[in-house]
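[1] Build me a model from this:
(chains A, B, C, D, E and F)
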There are 6 protein chains.
Amino acid sequence: MQLQLKTWQFVEDYLKTRTGIIIPIGSTEQHGPTGLIGTDALTAEMVGRGVGEKVGALVAPTISVGMAQHHLDFAGSITLKPTTLIAVVRDNVLSLAKHGFTRFFFVNGHGGNIATVTAAFSEIYAERSMERMSNQPSIKCALRNWWDSPGIKRLSSELYPTGEGSHATASEVALTWYKYPETMDRRVLEPRIAPNGSFADSEDYRRAFPDGRIGSDPSQATPEHGKRFYDQAVEDVARDYEAWVAK
Amino acid sequence: MQLQLKTWQFVEDYLKTRTGIIIPIGSTEQHGPTGLIGTDALTAEMVGRGVGEKVGALVAPTISVGMAQHHLDFAGSITLKPTTLIAVVRDNVLSLAKHGFTRFFFVNGHGGNIATVTAAFSEIYAERSMERMSNQPSIKCALRNWWDSPGIKRLSSELYPTGEGSHATASEVALTWYKYPETMDRRVLEPRIAPNGSFADSEDYRRAFPDGRIGSDPSQATPEHGKRFYDQAVEDVARDYEAWVAK
Amino acid sequence: MQLQLKTWQFVEDYLKTRTGIIIPIGSTEQHGPTGLIGTDALTAEMVGRGVGEKVGALVAPTISVGMAQHHLDFAGSITLKPTTLIAVVRDNVLSLAKHGFTRFFFVNGHGGNIATVTAAFSEIYAERSMERMSNQPSIKCALRNWWDSPGIKRLSSELYPTGEGSHATASEVALTWYKYPETMDRRVLEPRIAPNGSFADSEDYRRAFPDGRIGSDPSQATPEHGKRFYDQAVEDVARDYEAWVAK
Amino acid sequence: MQLQLKTWQFVEDYLKTRTGIIIPIGSTEQHGPTGLIGTDALTAEMVGRGVGEKVGALVAPTISVGMAQHHLDFAGSITLKPTTLIAVVRDNVLSLAKHGFTRFFFVNGHGGNIATVTAAFSEIYAERSMERMSNQPSIKCALRNWWDSPGIKRLSSELYPTGEGSHATASEVALTWYKYPETMDRRVLEPRIAPNGSFADSEDYRRAFPDGRIGSDPSQATPEHGKRFYDQAVEDVARDYEAWVAK
Amino acid sequence: MQLQLKTWQFVEDYLKTRTGIIIPIGSTEQHGPTGLIGTDALTAEMVGRGVGEKVGALVAPTISVGMAQHHLDFAGSITLKPTTLIAVVRDNVLSLAKHGFTRFFFVNGHGGNIATVTAAFSEIYAERSMERMSNQPSIKCALRNWWDSPGIKRLSSELYPTGEGSHATASEVALTWYKYPETMDRRVLEPRIAPNGSFADSEDYRRAFPDGRIGSDPSQATPEHGKRFYDQAVEDVARDYEAWVAK
Amino acid sequence: MQLQLKTWQFVEDYLKTRTGIIIPIGSTEQHGPTGLIGTDALTAEMVGRGVGEKVGALVAPTISVGMAQHHLDFAGSITLKPTTLIAVVRDNVLSLAKHGFTRFFFVNGHGGNIATVTAAFSEIYAERSMERMSNQPSIKCALRNWWDSPGIKRLSSELYPTGEGSHATASEVALTWYKYPETMDRRVLEPRIAPNGSFADSEDYRRAFPDGRIGSDPSQATPEHGKRFYDQAVEDVARDYEAWVAK
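    This next block holds a predicted model:
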């Protein structure tokens, strides 16, 4: 149930019985020599829309550009500054709150978004509690990473005993190849498994991870794996959504 | 050539010969009882990507939420405040400029974006000229509305001698039904042709245009018309893009 | 009826019967080798005040510095960044709205302001609809370029069949010489009629239009022409103001 | 030497020998039942332009709306929020600095501006020292209240042994009547001398000073006094300007 | 080595051999009926200063007010909005970077700060990579929660097999009583162990956790425990600091 | 009565009878070769807390970093940009106002804060009067410099007939040595009394005052003097606080 494919009268009816909405949020950034720049937005969108179908919830347009400062030394990466992303999340939520939505469930495809989106929720709450009268209905926001459930972790351990990694992971690459099989590139990279480690800014990142991957061997991924990740993620995130909106 | 479906190494190669990029920008807002909330983002994306294919240019992720304050009294509409949208445009452009892009061509699907996006370009230029050293390469931004060429105007006059309108237009509705035929709803609305006029804010808009349309009769639209609009828009905008990047 | 020349008690009385106010807005930027840097502010002020006298409306202080990034490569030009100008327009409107004004009519002297001031109106409306309770009275803002009426266009075509141009135009120069005849400089410039074209930022502008003019031959202007432009502009804008506040 | 009445080529020449500029800054706010709402902007402009003539310095357009929150409970008063005014001062200074101006001398007509404009100077300095490379020429800003010299204080003590006051003062009212004698209103108000005291926000101000004046009896003012204040202020401020730019 | 207790010449000497600095950051918010409002700032300050002594590093002034929106329904709690806290962190870092500091190690006392401070680091990096020339030395920021080491976790499990909790924890309360024994209040609260759970904004928090604690029984804490936590935290964080600055 | 050392229930009780709070605000900046970088924050904190004890008022955490742009050319100095400091003051006040505090009394240790903090108060008032409904209780803010009373001025004249100065003053240095005697450094500097004068930005400051002092000879200070300044300042500021909250 994509909001974009509905009419305003449909939404008006929807709000008579439900006030929750799903907002996919991803990033546009390098994912190694074989992963797609859109990986994080595409996977968040796939999972978010799948959950929407499963639970009968509206799904807002995907926020495709997130907080990706640390990837800016690789061509094609785009970032919003954290303060810009906070404003974007805020305006999306406040616009929808005006119509009567009260539960905002962000399905996230990018670890780098977590801090800023969490801060954005606090910004929204702080504005309302510090600057306003108290006669507005209360709203709640939640962020859910599609890769964070026990089901997904079990599946990636099973499929990739080594080389799942933490950026340009085998699982997220698999997910994109499931939806966009024409982009598949199963070349074995050198080194096969990228180094692990931490980083500060984008220069530091590029120095530590010269081809962009962290700890991963994406050549293990297949479209079939992608389908399994997709099914599992939709199931897990849908369960979470339903539990959360019921609270 | 969607940026999202490419790798960073592809982009690095691309930049050796070209520095232009296309950025579709739309809006998420009511389009009358039969038009899609995503109309402006979906059409900008269709045309932007079509142009990218035709001219061999990269196409960045669509900015799906624009400046739609005036639609906020209709359920499902989302807006960014103008200052937020300025920050979004700025961060997209500055991120890509860091990689070496110098020509930013926004393909626009929403009249309400024009003022703010134009202001955003000035914001970018003003920052660079007032706050910075002069050793940065110069950049240029342009905004192109897909519906604004003589070819499109001719086609809509031919197909819809009356009732093209200026919001929820027959032509934009046709374009969405070409791509998403399952959403087609050719109901004749009451009045068949919506009233014309001007408006200030969203309350004023709803008072003047109670079902959301301005001057249009979208029941005239068909998927076949949509294909004709699509082909014409891609041809016209592609020609403009090529002329503009060559300057 | 300049607000600056009235007392607060006068304004309190005025608000018992009327809630409209006129706000002249211009720019401070080069107008070619013979045009005044203040042209756009001075003309907006002249016309705005003339309209105020004619229709009995208060006229707020002129906003003399507008959005003129594209002129920053010519000495003496001043700009506000678009986000600053948005804040200025917003604070002017919200201050006056507190007193009971509800109709804000900006008389504009500078094409480069249009996008940003239009965005500012949306910013004001968006704040009110997204962040506030609904028990505030509704407000409306309008922007009116003094040079945009059929009457003015007819007059400039008649007086300047060629060389009216689009920056440092013969008509605006005439208007300033009507009010400030001591600044008249009817030198014929080289080329007599400046080139036409488009531009991106201020560097690009200076490259394309080396003496600052676009398409104009201001040597045709005379103070007498200026008086005719003044009378016509006041008449046309006054008519528009009265129609607009009555809505 | 009003910047508004000069051409860009004049300014280019000026900058070959001088880099100082005068910027009048005032306010738009109630000045009691008989004082003009524009008093602070009109007096700053008169004095600023007078100084410019005397010392041969360019005078930028007057910033007519300043920080006047405390007057917002009187009709017609307009304020910029302090953060907006900081941005306005900053953009004026940085635009002019781009052309080569390095000394910015603000002639001030409003006590309520002092804190914010002083903060604005620090904002400009802080940006440059924290965010930038050091190869920009150094700039200096100064704020000068026209009423603050020993000469002016002597004159007001002489003319108004009692009832000069601190808002809607006899001296500032005299200055406006010198320039705008048609606005003169020498009515004796009740009480003749307004109360003195301090205040927090605009509600508090109105409670303490019901007709807007603080400590003043403006009925003592005459246009002739105004001329004496004008001459004295121009002389004193001009001396200060010349000493300051020479440093 | 508190920065506040040194002179600028001392700092100048320090920078000849070291470029790291420790910045304690806490919060000012309710910690249940018996815990101090300053708990998070006081503990961050104690540990941060202890580490500074141990490793010979300068310690900047404590940022005592952090992001505590969720506690605003309890009297005395203070929050900065996330965007304000981002600006504070940024200005602290950029000021110190101007002097030559390059490693900024935040010792944190409050879980609610993590998202916003992490976003602040990205804001700093993003500004530098998107807006600036590349000739500035690279900087690195890190955030370290004093309670997060294996050593501390082992100690709290040992001392408090149940009722350590996650807000107004026994361990943090112990730490404050070690330093401020006069504030000790070992009353057993009702219920002895507070409920666990999650929350959205401050209203939601107060509903779920009526006395402010989450999952904790602070009556178990003693000053002697506090000393053990202090020694352990200083040891663990000092080790981390030394490893991190050496990278 | 430090807020940090109280519980939320204590604050709730306090608010039943009183609504005033003291907020110490200082700066972190060079104070010459022998004065402490923390001087202004430490003295504001000492005096603020002393006043709180004397009058039974709560004292919020010290804002230790203020507006110190002009000291940024001396190692160890930290500044907030004025717009950041405005946001900090605003968030502190609005958080506390939510609990019912209505009187905010800032005890200030740094002349350079005066303009910005005064502007911050106006920002708070302006937001409330321009953007909000009127059903919020009115609040008042005041700023009090500890060194500004006749009592303190008398004492410093008595103790330091010459060389009190205006930065790194003998009196403020004495105050810090009273509290932190281990930092005492009574070296006679060269020149014994530093030069006087004015300055623009931090480069200008360093040029004019090479060791950081302005007009002072801090070698005269002693801890015993410090105690006298402390007692006098607490007495004077306490009297002011009590008079002000009673209004």
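[2] Not counting its neighbours along the chain, what's nearest A:Arg206?
    Excluding its sequence neighbours, the residue lying closest to A:Arg206 (CB to CB, 6 or more residues apart in numbering or on different chains) is A:Asp73, at 4.0 Å. Glycine gets a C-beta too; all of them are placed from N, C-alpha and C.
[3] The longest helix seen in chain A - what's its average pLDDT?
    Identified as the longest helix of chain A according to DSSP state H is helix A:223-246. Average pLDDT, helix A:223-246: 98.
[4] quick one: contacts for A:Ser129?
    For A:Ser129, the contact set (CB atoms under 8 Å, 6 or more residues apart in numbering or on different chains) comprises E:69, E:72-73, E:201-203, F:98.
[5] would you list every one of the helices in chain A?
    A:8-17, A:39-55, A:82-99, A:114-131, A:150-159, A:170-179, A:202-208, A:223-246.
[6] could you dump the ones you listed to JSON lines with distance to E:Ala170?
    Formatted as JSON lines, those follow (distance: least, CB to CB, whole Å):
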{"stretch": "helix A:8-17", "distance to E:Ala170": "45"}
{"stretch": "helix A:39-55", "distance to E:Ala170": "39"}
{"stretch": "helix A:82-99", "distance to E:Ala170": "34"}
{"stretch": "helix A:114-131", "distance to E:Ala170": "26"}
{"stretch": "helix A:150-159", "distance to E:Ala170": "29"}
{"stretch": "helix A:170-179", "distance to E:Ala170": "39"}
{"stretch": "helix A:202-208", "distance to E:Ala170": "38"}
{"stretch": "helix A:223-246", "distance to E:Ala170": "30"}
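[7] quick one, which of the ones you listed is nearest to D:Glu224?
    Nearest to D:Glu224 among those is helix A:114-131 (50.8 Å), distances taken as CB to CB.
[8] Alpha carbons of the closest one, as CSV, please.
    What follows is helix A:114-131, C-alpha atoms only, in CSV (Å, rounded to 0.1, in the frame of the first residue of the first chain):
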residue,chain,number,x,y,z
ILE,A,114,20.6,5.4,13.3
ALA,A,115,22.2,8.2,15.3
THR,A,116,20.8,11.0,13.3
VAL,A,117,17.3,9.6,12.9
THR,A,118,17.2,8.9,16.7
ALA,A,119,18.2,12.4,17.3
ALA,A,120,15.5,13.6,14.9
PHE,A,121,12.9,11.8,17.0
SER,A,122,14.1,13.6,20.1
GLU,A,123,14.1,16.9,18.1
ILE,A,124,10.4,16.4,17.3
TYR,A,125,9.5,15.5,20.8
ALA,A,126,11.5,18.3,22.3
GLU,A,127,9.9,20.9,20.1
ARG,A,128,6.5,19.7,21.1
SER,A,129,7.2,19.6,24.8
MET,A,130,9.2,22.8,25.1
GLU,A,131,7.5,25.1,22.7
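[9] What angle do helix E:114-131 and it make with each other?
    For helix A:114-131 against helix E:114-131, the angle by axes from the mean of the first three to the mean of the last three CA atoms, to 10 degrees is 110 degrees.
[10] can you pull the contacts of whichever residue of chain A sits closest to chain C?
    Using CB to the nearest CB, A:Leu94 is the residue of chain A that sits closest to chain C, at 4.4 Å. A:Leu94 makes contact with A:124, C:130-131, according to CB under 8 Å, 6+ apart.
[11] do the same with A:Lys6
    Per CB under 8 Å, 6+ apart, neighbours of A:Lys6: A:14, A:58, B:36-37, B:76.
[12] can you check A:Val188 too?
    Counting by CB under 8 Å, 6+ apart, A:Val188 has contacts A:217, A:219.
[13] Does anything pack onto the longest helix of chain A? Which helices or strands?
    strand A:20-25, helix A:39-55, strand A:103-108, strand A:140-145, helix A:150-159, helix A:170-179 (3 or more CB pairs under 8 Å, 6 or more residues apart in numbering or on different chains; DSSP states H and E).
[14] Looking at the ones you listed, which is nearest to chain F?
    Judging the helices and strands packed on helix A:223-246 by CB to the nearest CB, what sits closest to chain F is strand A:140-145, at 19.7 Å.
[15] Residues of chain A that sit close to chain E?
    A:67, A:69-70, A:72-73, A:79, A:81-83, A:86, A:112, A:114-116, A:118-123, A:125-130, A:138-142, A:200-204 (CB under 8 Å from any CB of the partner chain).
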